[in-house]
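Novice: coords below, sequence missing:
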């Protein structure tokens, strides 16, 4: 990881990429909140995945928004990547269409990147849209068994996440990325289509030597239930957990934690089998089967990731994977940047 490319990069400002599929009912709240951002240099790109509702007509009321209308549904990852490829900013931010952003959101994100050249990712504090004292996530984390979680989910926001800290990943619903980092490690994996794409990218970033900083002043309100669920999510969750593990989980960590990883997957299978009459459980099992069938393809990608791997502090990674799933940042010490 290096900041030399940042110094030579002529890009400036922030590009916000919003993937959209039939999100007409959510777009006015989201886009109105972006108009209230205090940061002066923002472009907004909406990638429409062949919506059948009035999405495009609504976005047409916002002439400042660049519209990339797709003829087919590219999935979350495909839509995000289309927007990221078109983005001109020095910082690229993914934002779900069912959100409302605090006016200081982007200003806080940019300040964090400026303060932390080692950060390739900034995680926002995401609160529930209809219960604004309750957390959706204060950055995401991975446990040694390979499972991913939202930090602080469903808990009251009582100031327990009031400081900047290193965390494992930003949640894809409001994830901010340094453009030069994406130049190095690549964009979202379009084989994922939907789900775990943010964790996969975070693994690649961490293994390349970049860090993720949680910024508590970067606040986004999220209509959580509107972003997905049901059998579709169950299938992709089941499949993409395996994809993520096979692609990224370091061999030295696997040596120490393989029992936990295998045990977690076995528990997911047993739980789904017990509830096999339910559509979601059957979708999970189909997803796990698809994940196993996709292992050869993910192993080919793993070789590329491992070849690009930087100097990774194993102690640092394992601390992020243990409670409290953060490493406090000492404001008096500037972290080393290689």
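Specialist: Now that the structure is in, tell me what you want to look at. Here the structure is a predicted model, which means the values were calculated and not measured.
Novice: Show me the shaky parts of the stretch 201-338 of the chain.
Specialist: Judged by pLDDT under 70, the stretch 201-338 of the chain has its weakly predicted residues at 225-229, 332-338.
Novice: Helices of the protein, start to end?
Specialist: Under the criterion DSSP state H, the chain contains helices at 4-8, 27-35, 55-59, 75-86, 105-115, 179-185, 197-207, 230-248, 251-274, 279-293, 295-307, 314-320.
Novice: and of those helices, who's closest to residue 69?
Specialist: Between residue 69 and the helices of the chain, the shortest gap by C-beta to C-beta is with helix 55-59, which sits at 6.4 Å. Yep, even glycine has a C-beta here, placed from its N, CA and C like the rest.
Novice: Show me what counts as buried in stretch 74-92.
Specialist: In terms of neighbour count (16 or more other C-beta atoms under 10 Å), stretch 74-92 has its buried residues at 74-84, 87, 89-92.
Novice: Next: stretch 290-298.
Specialist: Going by neighbour count (16+ other C-beta under 10 Å), the buried part of stretch 290-298 is 290, 291, 294, 298.
Novice: Pull the most distant pair out of those.
Specialist: Pairwise distances across these (C-beta to C-beta) peak at 11.5 Å, for the pair 290 and 298.
Novice: nearest to residue 128, of the buried residues of stretch 74-92?
Specialist: Comparing every one of those with residue 128 (C-beta to C-beta), the shortest separation belongs to residue 76, at 20.3 Å.
Novice: if we can go back for a sec, quick check: which of the helices of the chain is buried the most?
Specialist: Highest mean neighbour count of those: helix 197-207, a mean of 26 (counted as mean count of other C-beta atoms under 10 Å).
Novice: same for that helix, what does it pack against?
Specialist: helix 75-86, strand 119-128, strand 140-142, helix 179-185, strand 211-222, helix 230-248, helix 295-307 (3 or more C-beta pairs under 8 Å, 6 or more residues apart in numbering; DSSP states H and E).
Novice: In CSV: these, plus distance to residue 283.
Specialist: As requested, these are exported to CSV (distance: least, C-beta to C-beta, whole Å):
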stretch, distance to residue 283
helix 75-86, 16
strand 119-128, 25
strand 140-142, 22
helix 179-185, 30
strand 211-222, 23
helix 230-248, 4
helix 295-307, 20
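Novice: Quick one: closest of these to residue 323.
Specialist: In terms of C-beta to C-beta, the element of those nearest to residue 323 is strand 140-142, at 9.3 Å.
Novice: So which residues make contact with that closest one?
Specialist: Contact partners of strand 140-142, identified using C-beta atoms under 8 Å, 6 or more residues apart in numbering, comprise 123, 148-151, 167-171, 198-199, 202-203, 320-321, 325-326.
Novice: Which of the residues you listed are buried? Put it as a PyMOL command.
Specialist: Per 16+ other C-beta under 10 Å, the buried members of these correspond to this PyMOL selection:
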select buried, resi 123+148+150+151+167+168+169+170+171+198+199+202+203+320+321+325+326
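Novice: give me every residue that touches the closest residue to residue 141 other than its chain neighbours.
Specialist: In space, and not counting its chain neighbours, residue 141 is closest to residue 325: 3.8 Å by C-beta to C-beta, 6 or more residues apart in numbering. Contact analysis of residue 325 by C-beta under 8 Å, 6+ apart lists 139, 141, 149, 151, 167, 168.
Novice: Quick check: the gap between residue 325 and residue 107.
Specialist: Remark: distance between residue 325 and residue 107 (C-beta to C-beta, to the nearest Å) = 26 Å.
Novice: Spit out the contact partners of residue 107.
Specialist: Each residue near residue 107 by C-beta under 8 Å, 6+ apart is listed here: 37, 38, 39.
Novice: Please tell me I have it right and the last one contacts residue 103.
Specialist: Read that as residue 39. No - Residue 39 lies out of contact with residue 103 (C-beta atoms under 8 Å); the separation is 9.2 Å.
Novice: so residue 199 touches residue 148, yeah?
Specialist: Yes - judged on C-beta under 8 Å, residue 199 makes contact with residue 148 at a distance of 4.7 Å.
Novice: Quick check: neighbours shared by the two?
Specialist: Residues within reach of residue 199 and of residue 148 at once, by C-beta under 8 Å, 6+ apart, are 140, 142, 169, 244.
Novice: Distance to residue 118 added to these, as CSV?
Specialist: Rendered in CSV, the data for the shared contacts of residue 199 and residue 148 read as follows (distance: C-beta to C-beta, whole Å):
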residue, distance to residue 118
140, 19
142, 19
169, 15
244, 23
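Novice: Closest to residue 96 out of the residues you listed?
Specialist: Proximity of the shared contacts of residue 199 and residue 148 to residue 96 was ranked by C-beta to C-beta; the top entry is residue 140 with 14.2 Å.
Novice: Check the spacing between residue 239 and residue 152 real quick.
Specialist: When distance is defined by C-beta to C-beta, residue 239 is 27 Å away from residue 152.
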